[in-house]
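Chemist: All I have is the shape, not the residue letters:
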């Protein structure tokens with residue numbers, strides 16, 4: 001449920017949230033083994049590139065940029081200059097919070113998923129240059145995993161902003177670039193050591209952030 005008093009706007013350009021095929025790329029609608037995307041080393045995470053239909057993503061990227069420009073964004077309390085605000089556009093809210101998307105996400109993470117009762121989708125924007133985020137685990141949070149859906153229009157190699165995963169020996173294991181139209185998810189625990197690389201000049205990193213609980217089927 002969205003918090004009371006938020007100014008939610010309707011974007012008629014976006015499709016209704018009634019089915020996966022309205023939003024997701026056909027490869028994800030038709031997949032027969034969805035949990036193949038869940039990696040378990042160095043800790044549980046998944047990367048779903050080209051998640052949305054290209055024409056839907058193009059509209060969503062535009063509407064999220066409009067939101068960032070029209071909505072007063074709150075500045076985070078760190079040196080990077082991260083800014084954030086609730087996602088306030090329907091039917092994007094209906095899709096990313098809805099039953100159909102939750103079922104799809106549950107099939108990816110091998111369990112039933114739900115959003116914490118006090119959690120809403122959040123737009124996060126970081127404009128370079130910006131320093132990186134140091135290695136940390138985010139252990140002790142009250143939810144199971146977080147997702148990051150990158151809604152900037154494009155991303156080029158060399159712009160930075162990669163999520164860096166480390167193994168148990170604190171060695172770099174993998175880098176996940178924030179490519180447009182990619183959904184990245186990470187389970188958080190004492191093992192989830194990760195960092196974010198610094199952002200290059202003029203890079204504009206925009207994403208939809210959500211928190212999730214996972215329960216056994």
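Modeler: Done, it's in. Owing to the predicted nature of the structure, the values given are computational and were not obtained by experimental measurement. Numbers count the residues shown, from 1 in each chain.

Chemist: beta partners for residue 83?
Modeler: Counting by DSSP bridges, residue 83 is bridged to residue 75, residue 125.

Chemist: That one and residue 61: what is the separation?
Modeler: Note on residue 83: its distance to residue 61, by Cβ to Cβ, to the nearest Å, is 17 Å. Heads up, the C-betas are built off the backbone N, CA and C, glycines and all.

Chemist: Buried ones in the longest helix out of those in the chain, by neighbour count?
Modeler: Secondary structure assigned by DSSP state H gives helix 54-70 as the longest helix of the chain. Applying a neighbour-count criterion of 16 or more other Cβ atoms under 10 Å, one finds 56, 57, 59, 60, 61, 63, 64, 65, 67, 68 buried in helix 54-70.

Chemist: do the same with stretch 79-91
Modeler: By neighbour count on 16+ other Cβ under 10 Å, the buried set for stretch 79-91 is 80, 82, 83, 84, 85, 86, 87, 88, 89, 90, 91.

Chemist: So the fourth one is in contact with residue 72, correct?
Modeler: Which is residue 84. No: Residue 84 sits out of contact with residue 72 when judged by Cβ atoms under 8 Å, with a separation of 10.9 Å.

Chemist: Now do the most centrally placed residue in the chain, the pLDDT please.
Modeler: Closest residue to the average C-alpha location of the chain: residue 148 at 1.5 Å, with Cα atoms, centre = their mean. Residue 148 is assigned a pLDDT of 98 by the prediction.

Chemist: What strand or helix carries it?
Modeler: Under the criterion of DSSP states H and E, residue 148 resides in strand 145-150.

Chemist: continuing past that strand, what's the next helix or strand?
Modeler: Next in sequence after strand 145-150, counting helices and strands by DSSP H and E, comes strand 163-166.

Chemist: partners of the strand ranked longest in the chain, with directions?
Modeler: As assigned by DSSP state E, the longest strand anywhere in the chain is strand 204-215. Using DSSP bridges, the strands paired with strand 204-215 in its sheet are strand 112-114 (antiparallel), strand 122-127 (antiparallel), strand 145-150 (antiparallel).

Chemist: Check what contacts the shortest one and list those residues.
Modeler: Strand 112-114 is contacted from outside by 102, 105, 106, 212, 213, 214, 215, 216, 217, using Cβ atoms under 8 Å, 6 or more residues apart in numbering.

Chemist: Please identify the residue most distant from the middle of the protein.
Modeler: In the chain, by Cα atoms, centre = their mean, residue 169 is the one farthest from centre (26.9 Å).
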